[in-house]
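Asker: my questions are about this predicted structure, shown below with the sequence.
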Amino acid sequence: MKVSKKQAAENRASIVDAAERLFRERGFEGVSIPEITKAAGLTHGGFYKSFGSKNALAAEACEKSFDHANNWLASTKSSDNGLAEYFKNYLSVRHRDDSRGGCPMAALATDIHRQCDDVQKAFSLGVDSYLTNLEDSLSSASGKSRPAQEGSMAALTMIVGAMALSRATKRCNKPLSDKILRQTRLNLEKLDGSIERV
């Protein structure tokens with residue numbers, strides 16, 4: 001039975017939504033096409049008409065994941081505690097233990113270099129856009145552009161690296177996992193006043 005263009009677009013969006021969540025949860029190789037389409041409430045019969053390949057879906061799912069990450073970061077501009085609150089939430093036990101994977105950078109960074117160029121490009125563009133948004137947020141917080149440029153890269157590598165390491169050590173060494181998050185929050189306070197106290 002042929003589906004309408006509207007329904008086809010809705011099906012496609014459902015597949016991308018399911019894929020971006022499952023990829024963050026289990027990595028690119030940890031999820032099959034039938035599992036993705038099942039999570040989207042569809043059969044996998046029409047998958048290749050919409051995407052052509054799993055790699056094409058992975059690239060689009062990366063873009064969608066970074067849309068969510070950037071929206072989360074952008075929401076801090078309207079908050080009284082702004083960036084400090086964002087970092088506190090990012091480096092929280094709740095984010096670490098989020099079974100949906102949370103931030104795409106922490107969830108996928110160690111897996112991305114094994115993917116094709118299109119997926120790597122989508123991820124790279126996502127990191128770049130996130131870094132630009134983080135720099136804008138730091139500029140707003142500090143009122144200066146130079147500390148923001150220097151602080152944004154330091155902050156990005158600190159939070160993503162800390163989250164990845166905290167997740168990697170949680171099961172076998174929870175005290176170390178907790179300490180990584182706690183110490184990174186403290187280290188963020190020392191970034192030349194570019195970041196409000198967390």
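Answerer: Thanks, I have the structure now. Numbering: from 1, shown residues only.
Asker: shaky segments in the protein?
Answerer: The chain contains residues with pLDDT under 70 at 1, 77-81, 141-149, 191-198.
Asker: kindly recompute the last result at 80.
Answerer: 1-3, 45-46, 76-82, 101, 139-150, 189-198 (pLDDT under 80).
Asker: which helices and strands does the helix or strand in which residue 13 is found pack with?
Answerer: Assigned by DSSP states H and E, residue 13 belongs to helix 5-26. The contact analysis (3 or more C-beta pairs under 8 Å, 6 or more residues apart in numbering; DSSP states H and E) places helix 5-26 against helix 33-39, helix 47-51, helix 54-74, helix 104-112. For the C-beta atoms, the positions are set from N, CA and C on the backbone; glycine is no exception.
Asker: at 6 Å instead, please
Answerer: helix 33-39, helix 54-74 (3 or more C-beta pairs under 6 Å, 6 or more residues apart in numbering; DSSP states H and E).
Asker: of these, flag the one that's most buried.
Answerer: Most buried of the helices and strands packed on helix 5-26 by mean neighbour count (mean count of other C-beta atoms under 10 Å) is helix 54-74; its value is a mean of 19.
Asker: quick revisit: show me what counts as buried in the helix holding residue 13.
Answerer: Residues of helix 5-26 classed as buried by neighbour count (16 or more other C-beta atoms under 10 Å): 11-12, 14-16, 18-24.
Asker: re the thing from before, turn the helices and strands packed on helix 5-26 into TSV, including distance to residue 181.
Answerer: Compiled in TSV, these are given as follows (distance: least, C-beta to C-beta, whole Å):
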stretch	distance to residue 181
helix 33-39	29
helix 54-74	17
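Asker: and the ones you listed: which comes nearest residue 84?
Answerer: Closest to residue 84 of the helices and strands packed on helix 5-26 is helix 54-74 (C-beta to C-beta; 13.0 Å).
Asker: alpha carbons of the closest one, in PDB - could you do that?
Answerer: Output of helix 54-74 as PDB, limited to C-alpha atoms (Å, rounded to 0.1, in the frame of the first residue of the first chain):
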ATOM      1  CA  LYS A  54      22.700   3.100   7.400                       C
ATOM      2  CA  ASN A  55      25.500   5.600   7.000                       C
ATOM      3  CA  ALA A  56      23.100   8.100   5.500                       C
ATOM      4  CA  LEU A  57      20.800   7.700   8.500                       C
ATOM      5  CA  ALA A  58      23.700   7.900  10.900                       C
ATOM      6  CA  ALA A  59      24.800  11.200   9.400                       C
ATOM      7  CA  GLU A  60      21.300  12.700   9.700                       C
ATOM      8  CA  ALA A  61      20.900  11.300  13.200                       C
ATOM      9  CA  CYS A  62      24.100  13.100  14.200                       C
ATOM     10  CA  GLU A  63      22.700  16.400  13.000                       C
ATOM     11  CA  LYS A  64      19.600  15.800  14.900                       C
ATOM     12  CA  SER A  65      21.500  14.900  18.100                       C
ATOM     13  CA  PHE A  66      23.500  18.200  17.900                       C
ATOM     14  CA  ASP A  67      20.200  20.100  17.400                       C
ATOM     15  CA  HIS A  68      19.100  18.800  20.800                       C
ATOM     16  CA  ALA A  69      22.500  19.600  22.300                       C
ATOM     17  CA  ASN A  70      22.600  23.100  21.000                       C
ATOM     18  CA  ASN A  71      19.000  23.700  22.100                       C
ATOM     19  CA  TRP A  72      19.900  22.600  25.600                       C
ATOM     20  CA  LEU A  73      22.900  25.000  25.600                       C
ATOM     21  CA  ALA A  74      20.800  27.800  24.200                       C
END
